[in-house]
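>>> the sequence and its predicted three-dimensional model are supplied below.
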Amino acid sequence: MTLSRRDFVVGASCGVGIVAFSALPAQASLLDETISKFTGGAEIIPGGIVLDTPEIAENGNTVPIDVSAPGAASIMLLAGGNPVPAVATFNFGPLSGSRSGNTRIRLIKTQEVMAIAKMDDGTFRSAQATVKVTIGGCGG
Amino acid sequence: MIIKILMTLYITALAGTLAWAGEDSSLTVEGQEIKISAQAPAHAENLDMVYSGWVFRTDETQSLQMDDFDNPAFVFVDEGIDLFSKVDGSEVKSCAGCHTNLADFSGLRASMPKVVDGKLLSMEDLVNGCRVKRMGADPWKWSGTEMTAMTALIGLQSRGMEIQVKIDGEAAELWKTGKELYYARVGQLDMSCANCHEDNYGNMIRADHLSQGQINGFPTYRLKNAKLNSVHGRFKGCMKNIRATPYKEGGDEFRALELYLASRGNGLSVETPSVRN
Amino acid sequence: MAKNVKPRVKVPKSAAVGESIVIKTLIKHKMESGQRKDKDGKTIPRSIINRFVCDFNGQNVIDVSLEPAISTNPFIQFEAVVLEAGEYRFFWYDDDGSVYEKTKKIAVG
């Protein structure tokens, strides 16, 4: 392979992008690992969960998340773009009034937030939502 | 605690899904009506209307302020309540020792800052004045957690009341100084408060929605740092952003600027403790 | 034990038998993620609330595991079905081994 000067300059200027990109597989496997730990490798069927997130988070430090999955024994929230993908797992007890939970989470950047529900019958369901995280213009 | 939320929003989409709630919006918290827009006072000659910073925030941020439980500032208000009855200093006194009824502070926040005996005083001065003179205790740091918890607790007693800061008489000269500071360009970016908060409120500065820079909700809980922020602390942040050397918290410049800014919000309600991004 | 950890809990004073009620909880905690560095470039060690539990008269309502992605001053909202009068007990488990507890009574009728 020959590398022209131009290619080199483009490559160098995209250095940050390359680093981020090369980090992706590791990140993805961490996400996969977290998921399979929860599901035991079982098939996940999309749907059956309502995941309510803001389309745009004004500040990634505090993003309100509401999740609900009727018939779920537990629900796991994941943020694949975060350094640690696991966010929280709600385990519902016998006196739970609904299979739902609401919390506030941190998102390091724009990404897909995922919810996986383990249903009472042992099957798994999932839902995803994109949350755009804005960088304050000023916000000093 | 029954919370009635009443919101009528006339939304003009300015940028994506960021809502810009117009003059017909209203906010009710804990049964108190909060005036989030008003006819601009005559002395804010370049504005027709004044708007609370609340109207510039997203639905999610706005809703955090609509219920006192959802509002994270209240963990600090709770701390303020504990501090209020905590004995401190050589006189072995607490705030509650003299101020037996917290509700007596009702109205105070709406009039601050104000000139007393020729000196311009912020709420922080009143708190530290009591601590030093009456309690024999050390003064609190201007923007420290104790001080902001206390100013939030005291300010809360006036929530919903109309801001009416005095700018005449003894305050006139200081107010003029504050106005000059507001319009003075400073820092490497050579910007004044007015460049963003008067000329461009409602516009986006990169991903952020510029407000009028009203201070009727301070101290305010910011999602950015998850704590209560003082007015002077916020001024410092703005000055750093325009690459200026910030004035001192509790210094003459910020005191005068606080007076001028507070007066630009005359007609809005006290919102303390508000929630912002 | 982390300093100034203060739980807040909102539970209705009474409910009808069989009714589902909304419970809101908030605790003051810095939720240090373990991802941040200090001025000298050293990683600030993780220090979070890692688990939240709500029980009622000895039976579990919800058991939540929390990770560093939970915001400072963790807020958790959920629903509980009311079958009898009694007492809710709330527990927050800190990384440092501390457990913060709060109780709230509810009447029926």
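Perfect, I can see it now.
>>> verify the stated contact: residue B:192 with residue B:180.
No. Contact between residue B:192 and residue B:180 fails when scored by C-beta atoms under 8 Å: they sit 10.0 Å apart. Every residue, glycine included, has its C-beta placed from N, CA and C.
>>> quick one: the helices in the chain, in order.
Unless you meant another one, I'm taking chain A. Using DSSP state H, the helices of chain A run over residues A:5-13, A:15-39.
>>> that was the other one, I meant chain B.
B:59-64, B:74-84, B:95-98, B:123-129, B:145-156, B:172-183, B:193-197, B:231-241, B:252-264.
>>> which stretches of the chain have low pLDDT?
Answering for chain A, as no chain was given. Applying pLDDT under 70 to chain A flags the ranges A:1-28, A:135-140.
>>> wrong one, chain C
Across chain C, the ranges flagged by pLDDT under 70 are C:1-4.
>>> at 90 instead, please
C:1-6, C:33-39, C:109 (pLDDT under 90).
>>> which residues touch the closest residue to chain B within it?
Proximity of chain C to chain B (C-beta to the nearest C-beta) peaks at residue C:72, 3.7 Å away. Residues near residue C:72 by C-beta atoms under 8 Å, 6 or more residues apart in numbering or on different chains: A:61, A:62, B:226, C:29, C:30, C:31.
>>> distance to residue B:80 and neighbour count added to those residues, as a markdown table?
Shown next, in a markdown table, are these (distance: C-beta to C-beta, whole Å; neighbours: other C-beta atoms under 10 Å in any protein chain shown):
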| residue | distance to residue B:80 | neighbour count |
| --- | --- | --- |
| A:61 | 23 | 20 |
| A:62 | 21 | 26 |
| B:226 | 17 | 19 |
| C:29 | 18 | 25 |
| C:30 | 19 | 17 |
| C:31 | 22 | 23 |
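>>> tell me which of those is nearest to residue A:71?
residue A:62 (29.8 Å; C-beta to C-beta).
>>> contacting residues for the closest one?
A:104, A:105, A:106, B:72, B:223, B:226, C:71, C:72.
>>> chain C contacts on the stretch 151-277 of chain B?
By the rule C-beta under 8 Å from any C-beta of the partner chain, the part of the stretch 151-277 of chain B lying against chain C is residue B:226.
>>> any weak-confidence spans in the stretch 151-277 of chain B?
Looking at the stretch 151-277 of chain B by pLDDT under 90, you get B:204-209, B:224.
>>> for chain C, give me its nearest residue in it.
Nearest residue of the stretch 151-277 of chain B to chain C: residue B:226, at 3.7 Å (C-beta to the nearest C-beta).
>>> ok, the residue lying closest to that residue once chain neighbours are set aside to residue B:44 distance?
Distance criterion C-beta to C-beta, 6 or more residues apart in numbering or on different chains; nearest residue to residue B:226, sequence neighbours excluded, is residue C:72 at 3.7 Å. Between residue C:72 and residue B:44 the computed distance is 36 Å (C-beta to C-beta, to the nearest Å).
>>> residue contacts, the residue most central in space within chain B?
Nearest residue to the geometric centre of chain B (C-alpha atoms, centre = their mean): residue B:218, 2.5 Å. Residues near residue B:218 by C-beta under 8 Å, 6+ apart: B:151, B:155, B:229, B:230, B:231, B:234, B:272, B:274.
>>> how many neighbours does the closest residue to the second one other than its chain neighbours have?
So that's residue B:155. Spatially, and ignoring its direct neighbours in sequence, residue B:155 is nearest to residue B:272 (3.2 Å; C-beta to C-beta, 6+ apart). Neighbour count of residue B:272, defined by other C-beta atoms under 10 Å in any protein chain shown: 26.
>>> contacting residues around residue B:272?
Residue B:272 neighbours (C-beta under 8 Å, 6+ apart): B:109, B:151, B:152, B:155, B:156, B:158, B:159, B:216, B:217, B:218, B:219, B:220.
>>> now for these, which pair is the farthest apart?
Maximum pairwise distance among the contacts of residue B:272 (C-beta to C-beta): 14.9 Å, between B:158 and B:220.
>>> surely residue B:139 meets residue B:133?
No. Taking C-beta under 8 Å as the definition, residue B:139 is not a contact partner of residue B:133, at 10.2 Å.
>>> residue B:158 and residue B:220: who's more crowded?
Comparing residue B:158 with residue B:220 by other C-beta under 10 Å, the one with more neighbours is residue B:220, at 26 against 21.
>>> how far off centre is stretch B:117-125?
16 Å (C-alpha atoms, centre = their mean, to the nearest Å).
>>> list of residues touching it?
Outside stretch B:117-125, the residues that reach it (C-beta under 8 Å, 6+ apart) are B:108-109, B:112-115, B:129, B:140, B:142, B:147, B:151, B:154-155, B:170-171, B:174, B:230-232, B:250, B:255-256, B:258-259.
>>> put the buried members of these into a ChimeraX selection.
Remark: buried members of these, expressed as a ChimeraX selection using 16 or more other C-beta atoms under 10 Å in any protein chain shown:
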select /B:108,109,112,113,114,115,140,142,147,151,154,155,171,174,230,231,232,250,255,256,258,259
